[in-house]
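K.L.:
Next comes the sequence, and after it the predicted model I'd like to discuss.
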Amino acid sequence: MIDLKRSREEIDKIDAKIVELFEQRMKISQNVAEYKINTGKPVLDREREKQKLDSVEQLANSEYNGQAVRELFSQIMSMSRKLQYTMMNYNQAGEFHKITEIPKNKETKVLYFGTKGSYSEQAMEEYFGTEITCFGASSFYEVMSKVANGEVDYGVLPIENTTTGGITDIYDLLVEFDNYIVAEQVLKVDQALLSLSGANLSEIRTVYSHPQGILQSRKFLAQNPNIKTVEYGSTAGCAKKVLEDGDKTQAAIASIRAASTYGLEVLASNINYEEVNSTRFIIITKQRQFCEGSNKMSICFTLPHESGSLYNMLSHIIFNNLNMSKIESRPIPGKKFEYRFFVDFDGCIEDASVINTLRGIEAEALDIKILGNYIGVDM
């Protein structure tokens with residue numbers, strides 16, 4: 001009969017030896033790091049690690065143990081790299097300029113998505129106030145491009161909704177343009193059905209809205225199958241169209257603010273099917289800057305198309321005791337089923353833990369872009 005107590009005592013002894021040998025190995029890793037610092041060699045040597053994993057796998061006496069040993073040593077080498085990164089000079093923050101606050105005066109030019117009465121305009125006013133010089137844009141692309149070429153100082157764009165998730169077009173544009181997130185604003189969104197004065201719900205045959213407005217109101221729309229939905233610009237732009245067309249069979253899904261702006265009637269309010277329906281807006285600039293007190297990082301990166309690569313990237317965040325709040329993936333144009341990952345995590349670009357995290361990801365990813373460092377707002 002197996003003596004469980006004795007078996008556990010034997011395991012404890014073996015574990016103690018493993019810990020002792022692990023600490024010896026990590027101490028030697030520090031010597032290796034010092035050598036690499038002095039010679040300018042990179043921490044990660046993929047070919048050397050592959051050879052090492054192949055050799056330790058061959059030492060095992062069974063196929064299962066071989067695979068397990070390979071996984072174990074893969075993690076040990078990952079921890080060794082992270083230790084080495086902490087010893088090397090690296091200052092990503094040097095590329096970004098710290099400012100006390102974002103200017104909010106008449107000289108500040110801001111471009112928001114949509115027209116007057118839009119949620120983006122409301123988010124802009126809640127963040128910047130009303131003293132700035134502001135303009136509306138017909139597309140996300142227009143906002144990004146005019147910020148990038150310096151026509152305006154800042155842009156305001158929706159990036160995420162609590163009901164429908166991330167707005168994929170924005171993530172793609174953050175990669176395409178050399179702009180950076182410098183702030184965010186969260187806005188509670190209450191969608192409403194707007195029509196011309198005197199119209200009845202039973203008369204409505206066509207409803208215009210931005211795709212997000214339609215998605216957020218899909219249960220209400222399902223209850224009214226006689227209504228045809230049409231995607232058309234921003235929500236406020238749809239309200240403006242209903243006014244200009246003068247057709248009582250048309251309506252728009254937009255805000256109460258838009259109803260007031262264009263003199264429309266609210267046929268139904270709070271038609272979004274999630275009561276807690278909020279949208280996160282980002283404030284972008286072409287300047288590499290971050291405000292004092294910034295506590296949220298946004299980055300994106302692409303990975304080697306191999307097993308465990310995403311885990312290795314995220315482990316840098318875990319190893320440095322940082323809280324990851326979001327991860328999103330987007331397909332890479334021109335590549336089949338390969339993806340770019342967008343990650344948000346807590347921290348300031350000046351913090352040692354963030355610097356070490358960025359160092360590790362930069363060394364091991366195919367590429368990395370810091371999308372911004374800013375003061376986070378609770379959703």
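P.N.:
Ah, there it is.
K.L.:
Count residues in the vicinity of the closest residue to residue 84 other than its chain neighbours, would you?
P.N.:
Excluding its sequence neighbours, the residue lying closest to residue 84 (Cβ to Cβ, 6 or more residues apart in numbering) is residue 33, at 3.8 Å. From N, CA and C alone the C-beta is placed, and that goes for glycine too. Residues within reach of residue 33, counting by other Cβ atoms under 10 Å, total 20.
K.L.:
where in the stretch 251-379 of the chain is pLDDT low?
P.N.:
Across the stretch 251-379 of the chain, residues meeting the criterion (pLDDT under 70) sit at 379.
K.L.:
And the strand or helix carrying residue 23, what does it pack against?
P.N.:
If you go by DSSP states H and E, residue 23 is part of helix 4-39. Applying 3 or more Cβ pairs under 8 Å, 6 or more residues apart in numbering; DSSP states H and E, one finds that helix 4-39 contacts helix 63-86.
K.L.:
what number of residues lie near residue 331?
P.N.:
Here the count is done by other Cβ under 10 Å, and residue 331 has 13 residues near it.
K.L.:
mind checking how far it is from residue 175?
P.N.:
Separation of residue 331 from residue 175 (Cβ to Cβ, to the nearest Å): 11 Å.
K.L.:
could you dump the helix or strand in which residue 55 is found to CSV, C-alpha only?
P.N.:
Residue 55 belongs to helix 46-59 when elements are defined using DSSP H and E. Coordinates of each C-alpha in helix 46-59 appear next as CSV, following Å, rounded to 0.1, in the frame of the first residue of the first chain:
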residue,chain,number,x,y,z
ARG,A,46,15.6,32.3,-30.6
GLU,A,47,18.0,29.8,-32.2
ARG,A,48,19.9,29.2,-28.9
GLU,A,49,16.6,28.7,-27.0
LYS,A,50,15.3,26.2,-29.6
GLN,A,51,18.5,24.2,-29.4
LYS,A,52,18.2,24.2,-25.6
LEU,A,53,14.6,23.1,-25.6
ASP,A,54,15.3,20.3,-28.0
SER,A,55,18.2,19.0,-25.9
VAL,A,56,16.3,19.0,-22.5
GLU,A,57,13.3,17.3,-24.2
GLN,A,58,15.6,14.5,-25.3
LEU,A,59,16.7,13.9,-21.7
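K.L.:
ok, now which ones touch residue 115?
P.N.:
Contact analysis of residue 115 by Cβ atoms under 8 Å, 6 or more residues apart in numbering lists 121, 136, 234, 236-237, 240.
K.L.:
what's the spacing between it and residue 310?
P.N.:
According to Cβ to Cβ, residue 115 stands 40 Å off from residue 310.
K.L.:
Do I have it right that residue 253 meets residue 217?
P.N.:
Yes - counting by Cβ atoms under 8 Å, residue 253 touches residue 217, with 5.4 Å between them.
K.L.:
shared neighbours, those two?
P.N.:
Here residue 253 and residue 217 share the contacting residues 191, 193, 209, 271, scored by Cβ under 8 Å, 6+ apart.
K.L.:
Which of the residues you listed sits closest to residue 229?
P.N.:
Taking Cβ to Cβ as the measure, residue 229 lies nearest residue 209 of the shared contacts of residue 253 and residue 217, at 7.0 Å.
K.L.:
my guess is that closest one contacts residue 228, does it?
P.N.:
No - when contacts are counted by Cβ under 8 Å, residue 209 is not listed as touching residue 228 (11.8 Å).
K.L.:
More neighbours: which of those two?
P.N.:
The neighbour comparison of residue 209 against residue 228 (other Cβ under 10 Å) goes to residue 209, with 28 against 11.
K.L.:
Compute the number of surrounding residues for the closest residue to that one other than its chain neighbours.
P.N.:
Leaving aside its chain neighbours, residue 209 sits nearest to residue 253 (3.7 Å; criterion: Cβ to Cβ, 6+ apart). For residue 253, the neighbour count with other Cβ under 10 Å is 27.
K.L.:
next one: residue 28
P.N.:
Neighbours of residue 28 under the rule other Cβ under 10 Å: 11.
K.L.:
picking up where we left off before, can you convert the contacts of residue 115 into a markdown table and add a column each for neighbour count?
P.N.:
Shown next, in a markdown table, are the contacts of residue 115 (neighbours: other Cβ atoms under 10 Å):
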| residue | neighbour count |
| --- | --- |
| 121 | 24 |
| 136 | 20 |
| 234 | 29 |
| 236 | 29 |
| 237 | 23 |
| 240 | 23 |
